[in-house]
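**Student:** the sequence and its predicted three-dimensional model are supplied below.
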Amino acid sequence: MKLHLEINNQTKSPLKDSFFAPIIRETLKRSGHGFLAGKTVSMSIALVDKQEIKRLNKNYRKVDKTTDVLSFAEYENTAALERVVEKDIFLGELIVCYDDIKEYAAAKKLDLKRELANVIAHGTLHLLGFDHGKEMFKIQEGAVNKKINK
């Protein structure tokens, strides 16, 4: 599987493009979605400020507050994704708020890099059609542990 990321950093976030790919690759690998083998998987990631993520969250989820990540999946569910016969698959877009993640990590005394990785893995799993549950969190934790504890 090849991975193509389009990253649009609209903030002064210090995150480098190279931060994202290893976490996303490991998350995709651990997802159990073997149908991705041999495909080129594309995703878009936008890094936005708190004002923008709050606006998007209110507009799309009807929640008038900031959040760490919003996932906009191209496919309605995993079954729809599995039916894709084309070699190139666009999974969707992650909208990430670095400042929200940074504040949360500081408040909870968490490692910022690990929390960022958690958010990226989590959003990627939503793009694959996962809902919150034991399986999702197990994959997320495994991917983050593998890439952050190297």
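**Tutor:** That came in fine, so what should we check first? Numbers count the residues shown, from 1 in each chain.
**Student:** what's the local residue count around Gly133?
**Tutor:** 8 (other C-beta atoms under 10 Å). All C-beta atoms are positioned from the backbone trio N, CA, C, and that covers glycine.
**Student:** with Lys147 instead?
**Tutor:** Applying other C-beta under 10 Å, we find 21 other residues in the vicinity of Lys147.
**Student:** tell me how far it lies from Ile24.
**Tutor:** Using C-beta to C-beta, to the nearest Å, one obtains 10 Å as the distance from Lys147 to Ile24.
**Student:** all helices for the protein, in order.
**Tutor:** Here the chain has its helices, by DSSP state H, at 20-30, 50-61, 78-82, 98-108, 112-127, 134-148.
**Student:** most tightly packed of these?
**Tutor:** helix 112-127 (a mean of 22; mean count of other C-beta atoms under 10 Å).
**Student:** and it, how far from the chain's centre?
**Tutor:** Its chain's C-alpha centre lies 5 Å from the corresponding centre of helix 112-127 when counted by C-alpha atoms, centre = their mean, to the nearest Å.
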